[in-house]
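Student: One predicted model, sequence on top.
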Amino acid sequence: MKTDELGSLLRQVNRPKKIAVCTAWGSPFSWTHAAYNMMNLERPKGVEVKYIPGFGRDPGRRHTWGVEKALEWGATHVCFLGADQMHDLDILVKFCKHIEDGWPMVTALVPIRSWVNYKGADKPFMRLAWKWKESAIQNGLTDAKFHADYLDIIDPKDGDLQEAVVVGSGALIFDMALINALEKPWFREAEPDENGWKPATMDTTFCWRLVREVGGRMLADCSIKVVHLDVFPIDETFSERFADFPRELEKEKLRTYL
């Protein structure tokens, strides 16, 4: 399908009617706080919402399984929400509002776990999504392949609403017309190196392809808050690192998302 034809189709079907929320997670050992959070998410008025897990040998297959089930159900949109996260309770309502405003893809920024080895990611636990560098836009390089030289990490200080081109699938909604136009396999795992290690780029590659191959413009709503749940080693330095962290603030955080 040509990009201009797809754009016409998206304008016809951009109002969400049936949203399949896919966690891409098949384990019975899920995060409790994430489960309570999803049970309490506000449902957009006049929109059917169905929650779908994900099964398979790897993240790519689990994402694919969720999309396949969404297609069987007749979803107009798929929304990936990580099963190891907590989200603002009105995230689906905000996503739907942006879609009705003409955005076929909408994302929220998810804090990463610890560090990521990427140009510009100079702090731990950053919220990550990428946009075109101004120089890339000015020099007509936006048809280039995914490369750090052409992209900047989105800074929420630059505004609540910014156009993005690359993001993970932790908090992402998109029109089904995009997935129907995308060449299979939709989710592509990276090839492992000689030691069996492979980068976790399946979801960012998918988002990049939706934008670059089938014309899915993506809005990043930096006002939506996402908590990325984790367990990490705690040593004797932590009590001093967080000595000024108010205990009541932690309790208030949980009340906000549950």
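Tutor: Happy to help now that I have it.
Student: show me where the stretch 51-200 of the chain has helices.
Tutor: Taking DSSP state H, counting those that start in this stretch as the criterion, the stretch 51-200 of the chain carries its helices at 59-73, 91-100, 134-138, 176-181.
Student: okay if I get those helices as a markdown table plus mean pLDDT and mean neighbour count?
Tutor: C-betas here are computed from N, CA, C, even on glycine. Shown next, in a markdown table, are those (pLDDT from 0 to 100; neighbours: other CB atoms under 10 Å):
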| stretch | mean pLDDT | mean neighbour count |
| --- | --- | --- |
| helix 59-73 | 95 | 19 |
| helix 91-100 | 97 | 20 |
| helix 134-138 | 62 | 12 |
| helix 176-181 | 94 | 19 |
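Student: right, and the ones you listed - which one's nearest residue 16?
Tutor: When these are compared by CB to CB, helix 91-100 sits nearest residue 16, at 4.9 Å.
Student: I'd say residue 205 and residue 186 touch.
Tutor: No: Residue 205 is not in contact with residue 186 according to CB atoms under 8 Å; the separation is 10.1 Å.
Student: What number of residues are in the vicinity of residue 15?
Tutor: 12 (other CB atoms under 10 Å).
Student: same thing with residue 189?
Tutor: When neighbours are counted by other CB under 10 Å, residue 189 comes out with 17.
Student: State the pLDDT value of it.
Tutor: What the model reports for residue 189 is a pLDDT of 80.
Student: Against residue 38, how distant is it?
Tutor: Taking CB to CB, to the nearest Å as the measure, residue 189 falls 26 Å from residue 38.
Student: Endpoints of stretch 193-207, how far apart?
Tutor: Using CA to CA, to the nearest Å, the span of stretch 193-207 from its first residue to its last is 23 Å.
Student: chain center to it, what's the gap?
Tutor: 16 Å (CA atoms, centre = their mean, to the nearest Å).
Student: ok, now stretch 62-80?
Tutor: 15 Å.
Student: re the thing from before, between the helices of the stretch 51-200 of the chain, which one is closest to residue 125.
Tutor: Comparing those by CB to CB, helix 91-100 comes nearest, at 19.8 Å.
Student: Need the residues that contact the closest one.
Tutor: Contact with helix 91-100 is made by 14-16, 19, 21, 41-44, 47, 49, 77, 79, 81, 88, 106, 108, 171, 173, 175, 219, 221, 223-224, as judged by CB atoms under 8 Å, 6 or more residues apart in numbering.
Student: again, only using 7 Å
Tutor: For helix 91-100, the external contacting residues (CB atoms under 7 Å, 6 or more residues apart in numbering) are 14-16, 19, 41-44, 47, 49, 79, 106, 108, 171, 173, 219, 221, 224.
Student: wait, isn't residue 202 in contact with residue 59?
Tutor: Yes: if you go by CB atoms under 7 Å, residue 202 and residue 59 touch, sitting 5.4 Å apart.
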